[in-house]
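[1] what's the 3D shape of this:
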Amino acid sequence: RLIYGNYPELLYLKSPQDRQEYLYEIINSYLLKDVMIFEMFKNSTKIYNLLRLIALQIGREVSYSEIGTQLGINKSTVEKYLDLFSKVFIIFKLEGYSGNLRKEVSKSPKWFFYDNGIRNALIMNFNQPESRNDTGQLWENYAISERIKYQHVNRIYARNYFWRTYDRQEIDLIEDSDGTLKAFELKWNGLKVKPPAAWMKAYPDSQFRVINRDNFENWV
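    Numbers count the residues shown, from 1 in each chain. The predicted model follows:
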């Protein structure tokens, strides 16, 4: 699931090649055909490259201006396309949480994919976790997307954020529900970490938990 994602049909495809071809077909027949016909987009290459840039930046803050410069389109067009892909449940956005601290980062969002397989197909990388340099990003994307799906299924009404300060203290996921803040740090390697000092000082009543491969299933 970390590599090929969660599409049910993949369970019946045994070979890596068949799984990869299935994911490429979804991209070509849905992402780059049906969606663009629906919106009457004229430049499929730029749309594909936009999604690919987002795929390469999961877990990192995204600058619409920088992406627009790379693609040769303006900032508002970048935002329009990303908003469309969020509406059809390809990607979703986390804003930076800002409450009590002036040094909290909140202007640039992070974007994630609802399905890891689509993300990996866009960058054409299906290598296993032990031979990749983005395993932490894959884990973060997968864990956050599954948690959001869990919220919807269980009718947990929460606003979701990431948290970071300008001096690089950070937390992967913040849930704000009914006035309660829950902070989650996502660790593929299972390391135990303490909550950032600035977070605990600013939000002493919040809950903090590390999510790893051992306790993930109880979380989603």
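
[2] Enumerate every residue touching Val220.
    Residues in contact with Val220, defined by Cβ atoms under 8 Å, 6 or more residues apart in numbering, are Ala143, Glu146, Arg147, Lys149, Tyr150. For the C-beta atoms, the positions are set from N, CA and C on the backbone; glycine is no exception.

[3] which among the residues you listed end up buried?
    The neighbour count (16 or more other Cβ atoms under 10 Å) marks Ala143, Glu146, Arg147 as buried among those.

[4] Assign a three-state SS to the second one, would you?
    At Glu146 the chain is in helix, as set by DSSP: H, G, I helix; E, B strand; the rest coil.

[5] How confident was the prediction at it?
    Model confidence at Glu146, given as pLDDT, is 97.

[6] how about the nearest residue to it, chain neighbours excluded?
    Counting by Cβ to Cβ, 6 or more residues apart in numbering, the nearest residue to Glu146 once its immediate chain neighbours are dropped is Val220, at 4.5 Å.

[7] Name the nearest of the contacts of Val220 relative to Gln20.
    Top of the list for closeness to Gln20, among the contacts of Val220 and by Cβ to Cβ, is Glu146 at 21.8 Å.

[8] gap between that closest one and Phe184?
    Distance of Glu146 to Phe184, given as Cβ to Cβ, to the nearest Å: 12 Å.

[9] for Asn215, same thing?
    As judged by Cβ to Cβ, Asn215 and Phe184 stand 11 Å apart.

[10] Neighbour count for the two, which is higher?
    Remark: of Asn215 and Phe184, Phe184 carries more neighbours, 19 against 11, as counted by other Cβ atoms under 10 Å.

[11] show me what contacts the more buried one?
    For Phe184, the contacting residues are Arg147, Ile171, Asp172, Leu173, Ile174, Glu175, Phe208, Arg209, Val210, Ile211, Trp219, by Cβ under 8 Å, 6+ apart.

[12] so the fourth one makes contact with Ala183?
    Just to be clear, that refers to Leu173. Yes. The pair Leu173 and Ala183 passes the contact test of Cβ atoms under 8 Å, sitting 7.4 Å apart.
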